[in-house]
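J.: give the three-dimensional model of this entry:
(4 chains)
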2 protein chains.
Amino acid sequence: MITIKDIAKEANVSEGTVDRVIHNRSGVSKKTEAKVKKVLERHNFKVNPVASALAMKKKHQISVLIPEHNDSDLFWKSPYLGVLKAAEDVKNFGVQVNSFTFNQSDAKSYLSAFKDLLDTEPTAVIMVPNFSDETKQIINQLEVLNIPYLFLNIDIEGFSNMAYVGQDSYTAGYIAGKLMHFNNVQPCEFLIIQSSQNSTKNNAISNRVKGFQDYFLKNEINSTPQTLKIEDIHNVLEAKEIINSYLQTRPEVKGVFVPSSRIYKVVDCIENNRLKHLELIGFDNTPQNTACLLNDSVSFLISQKPFDQGYKSVRLLTDFLIQNKVPEHKIYLPIDILIKENVEYNGRDEFVSEYNNTVKEG
Amino acid sequence: MITIKDIAKEANVSEGTVDRVIHNRSGVSKKTEAKVKKVLERHNFKVNPVASALAMKKKHQISVLIPEHNDSDLFWKSPYLGVLKAAEDVKNFGVQVNSFTFNQSDAKSYLSAFKDLLDTEPTAVIMVPNFSDETKQIINQLEVLNIPYLFLNIDIEGFSNMAYVGQDSYTAGYIAGKLMHFNNVQPCEFLIIQSSQNSTKNNAISNRVKGFQDYFLKNEINSTPQTLKIEDIHNVLEAKEIINSYLQTRPEVKGVFVPSSRIYKVVDCIENNRLKHLELIGFDNTPQNTACLLNDSVSFLISQKPFDQGYKSVRLLTDFLIQNKVPEHKIYLPIDILIKENVEYNGRDEFVSEYNNTVKEG
DNA sequence: TATATTTGTGTGTACGCACACGAAAAACAC
DNA sequence: GTGTTTTTCGTGTGCGTACACACAAATATA
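T.: This next block holds a predicted model:
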């Protein structure tokens, strides 16, 4: 393994000079810079990130702005855990990660969480751009401060985010359509159940719906999915009434698509004898949804690998910060098709761990 | 961040002593050991793996024994690439990885590759236990030398391998059965096409077949899949003859299951007009197989994430070597269901990279 | 020409840990 | 009690890099 010292010796300069060249720091004459660079290239020199990290020591702050999670909405727990895991992994590389959460239905909390976030003086930011107007304000500030930022899970155009990490929502919806059609080839109807809140602001969800519908259009299936909007899915009584009365009037509905992580709520709402004859497809392997797979009330879940989204975001940014490695602009994670039988093998959140520092035992 | 120095100060001993305690090295009296351990625990001290790696410097050799790959059998390229990637990632942690390959249909090459492998004086071994008798010999030597070993991709019982990293083949086959049944509910027949070579020795493949058959048994579907064995799948003419004449006599066959990564070969063999009316399910997203998905000749591929298998094996062993972290005995990777639409999002082999040492550019 | 200023380069130290070496302390022999 | 061995422990150095600081050379200012 070739070291800076070796390079220095061969180029007849000091280690400090080599270091300066490597980091494009000032204070080196053009002539020696060229000389050193040549030696560097000849040996294909790469800095040893381990030694580098050790020498740098806590220089970077990555601050994360994501929705909070609670018992009824566990989805956001996964990206959070992914972030935590990555934080542990990069800790010893001199990167500190701080998380800030906001209430997804409260734009003010979004702004105030961001305000707290700014106090950490972040080197870079990972955020879920949840409200479009407020996001504009936030991005504005970030750009003034020249802080790079990355979008997680929700993709919005029109900003110069360094990257987007998440799923290709349109294709995910399209796949849901295909899966829905699998078991139900005879002419029949499909229903999309959406929460009104989500539909207005969440890009990801509307893309899923578009993909779902496009499957039927592009494959010339004479069955256009209908949409049923529910004001507040957490109001079980009301939702129950709406859903069941709809299904009552439309017995030809054979499948229900829920483009959010709340399919378990829909399952709760549908009467049992009806449920048996319906195919349900939803998103995300939260514990509640997974339970629905296992008890056969849901046929498919599409996972967007939320844990990996969180994990990967942090790792990408770290690579950027300590190595100037520029990530691709769109990082699409796999579109996992989950069924009863393979769900237990997914979401093994411990996969690919860094050396998380346990005291050795003999 | 608490350091060894801090611990030493608090325990009124030297850093060297703390180091000895941490690594269970000899030369510490019971009394001081207890004292230091208490302080260690109170602060929940973890060694900084970055500094640790820097100080150790190239102490471990992980040697890998896997089948070779070529243009017609690309499957083993993926684990190899995963190993390479991991090798890069752990290089700076003082771990060197060497790969040795053998011809899957030549037991002698297996032994001779192992002999070469031994010359590297490995600290630990990752191997694909391909031939059972020869594997016994190999394991024997490893155990005499007290070298820990890990099974990759193929799981054999009766050895004290530290872990198995791969897929739950039985469940993967079971899932294939379910998927096969999806589109074909009306009474119909299914065919399993196997290569005779594989069937006799490859545990993974026979488990897939068992799982596939069990799906039909357990769900009381009155259709037992038939098996067709092909002597040599690479002899296209012969295989063509066998397969097509079988399908000729059995028009009620609606689906074909190929429990290996060679489904593209089977596609080559089946006449086009017949192909259109068959549902094919196979394993592994090799380039050739992926092409079959994309041109609609194959409906599903089940991926066993071979890249991840290789990657993860190395990382697990590294964790064990430099941190004494004992892995779980069975590491099952996700069972990915691939279709035309999501295949491009899988197997993004660059996922979760370590800092692979690029010279920074300003 | 003498002095101030800028630029270019070398030196030293710290990062946290592993381990070799040798000193001190304890244990044992006589 | 001294001499010897064994056990126990502290010190010092190195891993490869980052960066502050010091200093020399080159250039500018008076």
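
J.: give the burial count for the residue lying closest to residue A:340 once chain neighbours are set aside, as a bare number.
T.: Spatial nearest neighbour of residue A:340, excluding adjacent residues (CB to CB, 6 or more residues apart in numbering or on different chains): residue A:293 at 5.1 Å. Yep, even glycine has a C-beta here, placed from its N, CA and C like the rest. By other CB atoms under 10 Å in any protein chain shown, the residues close to residue A:293 number 24.

J.: where does residue A:293 land in three-state SS?
T.: Following DSSP: H, G, I helix; E, B strand; the rest coil, residue A:293 is assigned to helix.

J.: now the helices for the stretch 51-200 of chain A?
T.: A:77-91, A:107-119, A:132-144, A:169-182, A:196-201 (DSSP state H, counting those that start in this stretch).

J.: and the fourth one, how far out from the chain middle?
T.: For helix A:169-182, the separation from the chain centroid amounts to 19 Å (computed by CA atoms, centre = their mean, to the nearest Å).

J.: just want the angle from it to helix B:169-182.
T.: Put simply, helix A:169-182 runs at 70 degrees to helix B:169-182, going by axes from the mean of the first three to the mean of the last three CA atoms, to 10 degrees.

J.: now for helix A:169-182, which elements pack on it?
T.: Counting contacts by 3 or more CB pairs under 8 Å, 6 or more residues apart in numbering or on different chains; DSSP states H and E, helix A:169-182 is packed against helix A:203-218, strand A:253-257, strand A:279-283, strand A:300-303.

J.: try it again at 10 Å.
T.: Other elements packing on helix A:169-182 under the criterion 3 or more CB pairs under 10 Å, 6 or more residues apart in numbering or on different chains; DSSP states H and E are strand A:189-195, helix A:203-218, strand A:253-257, strand A:279-283, strand A:300-303, strand A:330-332, strand A:336-338, helix B:169-182.

J.: can you redo the ones you listed as CSV with distance to DNA strand C?
T.: Formatted as CSV, these follow (distance: least, CB to the nearest atom of the strand, whole Å):
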stretch, distance to DNA strand C
strand A:189-195, 48
helix A:203-218, 41
strand A:253-257, 52
strand A:279-283, 42
strand A:300-303, 37
strand A:330-332, 32
strand A:336-338, 38
helix B:169-182, 39
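
J.: need these in JSON lines (columns: mean neighbour count and mean pLDDT).
T.: JSON lines is the format used below for the helices and strands packed on helix A:169-182 (neighbours: other CB atoms under 10 Å in any protein chain shown; pLDDT from 0 to 100):
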{"stretch": "strand A:189-195", "mean neighbour count": "22", "mean pLDDT": "91"}
{"stretch": "helix A:203-218", "mean neighbour count": "20", "mean pLDDT": "92"}
{"stretch": "strand A:253-257", "mean neighbour count": "23", "mean pLDDT": "94"}
{"stretch": "strand A:279-283", "mean neighbour count": "25", "mean pLDDT": "96"}
{"stretch": "strand A:300-303", "mean neighbour count": "25", "mean pLDDT": "96"}
{"stretch": "strand A:330-332", "mean neighbour count": "17", "mean pLDDT": "93"}
{"stretch": "strand A:336-338", "mean neighbour count": "27", "mean pLDDT": "93"}
{"stretch": "helix B:169-182", "mean neighbour count": "24", "mean pLDDT": "94"}
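
J.: what is the burial count for residue A:97?
T.: Residue A:97 sits with 23 neighbouring residues when counted by other CB under 10 Å.

J.: for the one 3 residues further on, same thing?
T.: A count of nearby residues for residue A:100, using other CB under 10 Å, gives 22.

J.: tell me how far it lies from DNA strand C.
T.: Separation of residue A:100 from DNA strand C (CB to the nearest atom of the strand, to the nearest Å) stands at 26 Å.

J.: what does residue A:35 give?
T.: Residue A:35 is 8 Å from DNA strand C, where distance means CB to the nearest atom of the strand.

J.: these two touch, right, residue A:173 and residue A:216?
T.: No: using CB atoms under 10 Å, residue A:173 is not in contact with residue A:216; the gap is 11.1 Å.

J.: give me the distance from the helix or strand containing residue A:314 to the chain's centre.
T.: According to DSSP states H and E, residue A:314 maps onto helix A:306-323. Remark: helix A:306-323 is offset 11 Å from the chain centroid, using CA atoms, centre = their mean.

J.: any residue of that helix touching chain B?
T.: Yes: for helix A:306-323, a contact with chain B is found by CB under 10 Å from any CB of the partner chain, at A:308, A:311-312, A:315-316, A:318-319, A:322-323.

J.: now, of the residues you listed, which are buried?
T.: A:308, A:311-312, A:315-316, A:318-319, A:322-323 (16 or more other CB atoms under 10 Å in any protein chain shown).

J.: give me every residue in the stretch 1-150 of chain A lying close to DNA strand D.
T.: Proximity of the stretch 1-150 of chain A to DNA strand D (CB under 7 Å from any atom of the strand) is limited to residues A:1, A:3-5, A:15-16, A:19, A:22-23, A:25, A:47-48, A:51-52, A:54-56, A:59.

J.: 6 Å instead, please
T.: Residues of the stretch 1-150 of chain A lying close to DNA strand D (CB under 6 Å from any atom of the strand) are A:1, A:3-5, A:15-16, A:19, A:22-23, A:47-48, A:51-52, A:54-56.

J.: inside strands: which ones of the residues you listed?
T.: Within those, no residue falls in strands by DSSP state E.

J.: for residue B:156, state which of those residues is nearest.
T.: Set against residue B:156, the nearest of these by CB to CB is residue A:1 (37.1 Å).

J.: show me the contacts for the nearest residue to residue A:345 once chain neighbours are set aside.
T.: Closest residue in space to residue A:345, ignoring its immediate chain neighbours: residue B:334 at 4.8 Å, by CB to CB, 6+ apart. Neighbour list for residue B:334: A:303, A:305, A:334, A:336, A:338, A:342-348, A:351, B:167-168, B:303-305, B:308 [criterion: CB atoms under 10 Å, 6 or more residues apart in numbering or on different chains].

J.: for the stretch 251-362 of chain A, which residue gets nearest to DNA strand D?
T.: Nearest residue of the stretch 251-362 of chain A to DNA strand D: residue A:322, at 8.1 Å (CB to the nearest atom of the strand).

J.: any weak-confidence spans in chain A?
T.: Where chain A drops to pLDDT under 70, the residues are A:197-202, A:347-362.

J.: from what I see, the residue of the stretch 251-362 of chain A closest to DNA strand D and residue A:93 are in contact.
T.: Yes: using CB under 10 Å, residue A:322 is in contact with residue A:93, at 6.1 Å.

J.: so of the helices of the stretch 51-200 of chain A, which one's packed in deepest?
T.: Each of the helices of the stretch 51-200 of chain A was scored by mean neighbour count; the highest is helix A:169-182, a mean of 24, by mean count of other CB atoms under 10 Å in any protein chain shown.
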